[in-house]
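Trainee: predicted model, plus sequence, below.
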Amino acid sequence: MSDPVASVDPFPKQPAACIVTVMDTADLLRQLVDARGPSGYEAEPRGIASERLGEFADELRVDALGNVIALKRGDGDGPRPSLMLAAHMDEIGLIVSAIEKGFLRVTCIGGWDHRVLFGQRVTVHGRRELPGMVVSVPPHFTAPAEREKPVSLDKLFVDVGLPPDEVERHVQVGDVITLRARLVRLNGAFAAGKAMDDRAAVAAVVLCLEELARRRHSWDVYAVATVQEETGCIGAGVGAYGIEPTAAIAIDVTFGQQTGAGRIETYDTFKMDGGPTIALGPNIHPHMYDRLVAAAKAVELPYQVETAPGNSGTDAWAIQVARSGIPTGLLGIPVRSMHTPVETVCLRDIERTGRLLAEFIVRLDDAFAATLVAKDAFAPQAPPPVPLPSARSAGGTP
């Protein structure tokens with residue numbers, strides 16, 4: 001429930017220039033999503049994120065877990081409040097679980113949609129990189145009832161086309177496997193590829209810092225490309241603990257509208273090219289939500305409201321409970337076909353997300369920081385304290 005003070009629109013409406021062109025965004029996104037980096041193995045996207053965030057940062061470092069942390073200092077008097085922007089750079093992947101007669105059994109890093117793995121081209125990152133294919137037995141050798149079902153993970157294996165003894169020399173249990181997939185530009189401002197979840201959001205954070213380089217802001221901004229979100233939001237929790245920001249915004253993808261996908265009990269879908277979603281629920285500080293909405297309205301930026309009635313399943317969940325608690329907001333970029341090699345996004349939604357972040361940040365001041373202290377909207381108001389009697393009125397010696 002919104003606080004009455006926060007419900008007042010604090011921003012006068014004013015136009016703001018677009019950050020970059022669609023083509024610039026596509027090139028940035030291609031760099032990020034084509035990099036290979038499953039959870040725990042984010043070296044390639046970390047290098048790209050460090051380079052692109054570092055272009056606009058005053059300081060850049062990598063913490064012990066592998067998070068990229070770019071600091072853009074504010075111009076307010078110190079010590080300044082700080083805002084953490086968190087977008088995860090890891091992706092889902094596979095790992096070798098067994099080697100059987102030259103074929104590789106695999107299990108998942110993160111939440112793969114098993115229905116789409118069969119037939120995918122992959123790279124096995126062994127002692128040397130090996131191209132391979134995710135395969136299974138032909139339908140002629142399966143029971144008729146099984147032919148009508150998606151191939152389960154335990155019936156899939158990777159074929160690298162080498163004799164068993166050579167496979168044993170080059171591959172061992174625990175080696176990581178990544179998809180051989182590249183970004184594809186679709187019609188208009190749409191693009192598809194792997195790892196849009198969540199490197200589309202990393203791209204939005206880069207665009208935000210680029211905009212902030214041209215504008216004044218009083219708060220310090222920590223732009224963080226986090227690790228291991230797909231395996232438990234681990235990087236965000238560690239990053240938030242180390243930074244200890246005044247407030248934070250997690251940026252992730254959400255479910256885009258597509259044929260056959262409608263609202264169910266837990267999830268809703270959102271319009272593609274309709275702007276980012278702004279989440280609201282117990283994982284979200286209501287003043288962060290109100291200010292993000294106000295920032296969008298101030299520049300007439302399209303946005304959508306997403307309810308998160310419990311665990312948002314994003315970095316926001318880990319950040320909110322870091323240290324003694326961090327007021328957190330959450331933005332979502334609609335994506336179709338999530339957790340597949342063809343995750344599809346509208347480039348304009350990425351740009352709008354970066355712009356919304358920048359518009360929110362340039363309006364932050366010390367007064368807003370003071371509103372982030374939690375207050376229970378339903379708690380009865382405490383009565384004013386009763387003054388203690390003076391020594392004279394109580395009959396004591398003055």
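Mentor: Yes, it's here.
Trainee: for M196, see how far away the closest residue to G275 other than its chain neighbours is.
Mentor: Nearest residue to G275, sequence neighbours excluded (CB to CB, 6 or more residues apart in numbering): P302, at 3.4 Å. Backbone N, C-alpha and C define where each C-beta goes, glycine included. According to CB to CB, to the nearest Å, P302 stands 20 Å off from M196.
Trainee: neighbour-wise, which of the two wins?
Mentor: The neighbour comparison of P302 against M196 (other CB atoms under 10 Å) goes to M196, with 29 against 14.
Trainee: quick check: that one touching V335?
Mentor: Yes. Counting by CB atoms under 8 Å, M196 does reach V335; the two are 5.3 Å apart.
Trainee: shared neighbours of those two, which are they?
Mentor: 253, 343-345 (CB atoms under 8 Å, 6 or more residues apart in numbering).
Trainee: farthest pair within those residues?
Mentor: V253 and T344 (10.5 Å; CB to CB).
Trainee: can I assume L104 is in contact with I95?
Mentor: No. L104 is not in contact with I95 according to CB under 8 Å; the separation is 9.8 Å.
Trainee: who has more neighbours, those two?
Mentor: Just comparing L104 and I95: by other CB under 10 Å the higher neighbour count belongs to L104, 27 against 18.
Trainee: excluding residues flanking it in the chain, which one is nearest that one?
Mentor: Using CB to CB, 6+ apart, the closest residue to L104 is V158 (4.0 Å).
Trainee: neighbours around that neighbour, how many?
Mentor: Around V158 there are 23 residues (other CB under 10 Å).
Trainee: give me the element it is part of.
Mentor: Using DSSP states H and E, V158 sits in strand 157-159.
Trainee: do I95 as well
Mentor: I95 belongs to strand 93-100, assigned by DSSP H and E.
Trainee: show me which residues of that strand are buried.
Mentor: Residues of strand 93-100 classed as buried under the neighbour-count rule (16 or more other CB atoms under 10 Å) are 93-96, 99.
Trainee: that one - contacts with which helices or strands?
Mentor: Counting by 3 or more CB pairs under 8 Å, 6 or more residues apart in numbering; DSSP states H and E, the packing neighbours recorded for strand 93-100 are strand 103-109, strand 157-159, strand 176-179.
Trainee: go through the ones you listed and pick out the most buried.
Mentor: strand 176-179 (a mean of 22; mean count of other CB atoms under 10 Å).
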